[in-house]
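**Q** The following comprises the amino acid sequence and a computationally predicted model.
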Amino acid sequence: MKILETNRLLLAHQTTDDAAFVHTLMNSPGWLLYIGDRGIKTVEDATRYIINGAIKSYQQHGFGLYAVRLKESGVPIGLCGFIKRPGLDHIDIGFAFLPEYTGSGYAYESAAAVMNYGREVLKIDTVVAITTRDNEASVKLLKKLGFSFKELVTLPGDSEILMLFEYKR
């Protein structure tokens, strides 16, 4: 189901048809470095990840990570959307793109549209974002979107220290 449209992109609910793309994305160097290995080793693993992650989130919360596609071709290039993450007081925005589609403004274009959707449709006043301390591209994007650094945090069940950013309407 289509959620958003920008000049160049379509954002829609992930479906199990996206499993091969999700498998590729989650095993890309940037995902593994900045987000971490989620154990998605096969397309079947990716199918389960979509069902237990995005689809469950759409049903429970009315939002989730959306598949980002090029408008002209329909090719999936990334994920962008909201996550209700344990250990965070507010809804978290997340984004990740295949390496061949970074540096072209797609992350900003999709994240800005998601933030507007959050404010206007979902009526979210505060959004947070987490990133590793060495992910300079995400920090730059979050600042461009109007987020401010708040504090360093560690999520439940994890030992990595992350940067927490916050956006308040």
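**A** Okay, I see it.
**Q** remind me, longest helix of the chain?
**A** Across the chain, the longest stretch assigned as helix under DSSP state H is helix 106-120.
**Q** That helix: how far from the chain's middle?
**A** 11 Å (CA atoms, centre = their mean, to the nearest Å).
**Q** Check which element follows that helix along the chain.
**A** strand 126-132 (DSSP states H and E).
**Q** Can you point out the buried residues in stretch 20-35?
**A** Buried residues in stretch 20-35, counted by 16 or more other CB atoms under 10 Å: 21-23, 25-26, 28, 30-31, 35. For the C-beta atoms, the positions are set from N, CA and C on the backbone; glycine is no exception.
**Q** from those, which single one is nearest A129?
**A** I35 (12.5 Å; CB to CB).
**Q** got a list of what that closest one touches?
**A** I35 makes contact with 26, 96 under the criterion CB atoms under 8 Å, 6 or more residues apart in numbering.
**Q** Same question for T15.
**A** Per CB under 8 Å, 6+ apart, neighbours of T15: 50, 55.
**Q** sorry, back to before: now the longest helix of the chain - C-alpha only, PDB.
**A** Listed next in PDB are the C-alpha coordinates belonging to helix 106-120 (Å, rounded to 0.1, in the frame of the first residue of the first chain):
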ATOM      1  CA  TYR A 106      17.100  10.000  -1.700                       C
ATOM      2  CA  ALA A 107      17.600   9.600   2.100                       C
ATOM      3  CA  TYR A 108      16.800  13.200   2.700                       C
ATOM      4  CA  GLU A 109      13.900  13.300   0.300                       C
ATOM      5  CA  SER A 110      12.300  10.200   1.800                       C
ATOM      6  CA  ALA A 111      13.000  11.100   5.500                       C
ATOM      7  CA  ALA A 112      11.700  14.700   5.000                       C
ATOM      8  CA  ALA A 113       8.500  13.200   3.600                       C
ATOM      9  CA  VAL A 114       8.200  10.700   6.400                       C
ATOM     10  CA  MET A 115       8.700  13.400   9.000                       C
ATOM     11  CA  ASN A 116       6.000  15.500   7.400                       C
ATOM     12  CA  TYR A 117       3.700  12.400   7.300                       C
ATOM     13  CA  GLY A 118       4.400  11.900  11.000                       C
ATOM     14  CA  ARG A 119       3.500  15.500  11.900                       C
ATOM     15  CA  GLU A 120       0.500  15.900   9.600                       C
END
